[in-house]
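Enquirer: Just the structure for this:
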Amino acid sequence: MSAVTQTIAQRELRNNNAQVIDAVAAGESFVVTRNGVPVAELRPIATPRRKFVAKADLISLGAGGPHVDLDAFRADLDRIVDQNL
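Expert: Presented below is the predicted three-dimensional model:
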């Protein structure tokens, strides 16, 4: 993805619309000018984050983590946390 925003004239956008849109889809950004004055910005739309994570994906992510002894974990919590709260 390009870190530099390119400046193009309105005429160039009109004449090379398909190429400019292809460049935007590839991650490029453009400032469009009319008579030398910036009037618009063309940039890629950020892809939305996934809201649903499949159970299989969670299981595979957790498989590489450390093993937690649940009884020892509970005992540690009981020892540390004031149970009278």
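Enquirer: now the helix or strand bottoming out on mean pLDDT in the chain, how far from the centre of its chain.
Expert: One helix or strand of the chain scores below all others by mean pLDDT, DSSP states H and E: helix 55-63, with a mean of 86. When distances are taken as C-alpha atoms, centre = their mean, to the nearest Å, helix 55-63 is centred 21 Å away from the chain's centroid.
Enquirer: CA atoms of it as CSV?
Expert: Listed next in CSV are the C-alpha coordinates belonging to helix 55-63 (Å, rounded to 0.1, in the frame of the first residue of the first chain):
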residue,chain,number,x,y,z
LYS,A,55,-15.5,-22.0,17.0
ALA,A,56,-12.9,-24.0,15.1
ASP,A,57,-10.8,-20.8,14.7
LEU,A,58,-11.0,-20.1,18.5
ILE,A,59,-10.0,-23.7,19.2
SER,A,60,-7.0,-23.5,16.9
LEU,A,61,-5.9,-20.2,18.5
GLY,A,62,-6.2,-21.6,22.0
ALA,A,63,-4.4,-24.8,21.1
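Enquirer: what comes up buried for that helix?
Expert: Neighbour counts over helix 55-63 (16 or more other C-beta atoms under 10 Å) mark no residue as buried. For the C-beta atoms, the positions are set from N, CA and C on the backbone; glycine is no exception.
Enquirer: next structured bit after that helix?
Expert: Using DSSP states H and E, the helix or strand that follows helix 55-63 in sequence is helix 70-80.
Enquirer: and the least confident helix or strand of the chain, what other elements does it pack with?
Expert: Helix 55-63 sits against no helix or strand, with contacts defined as 3 or more C-beta pairs under 8 Å, 6 or more residues apart in numbering; DSSP states H and E.
Enquirer: Thanks a lot, catch you later.
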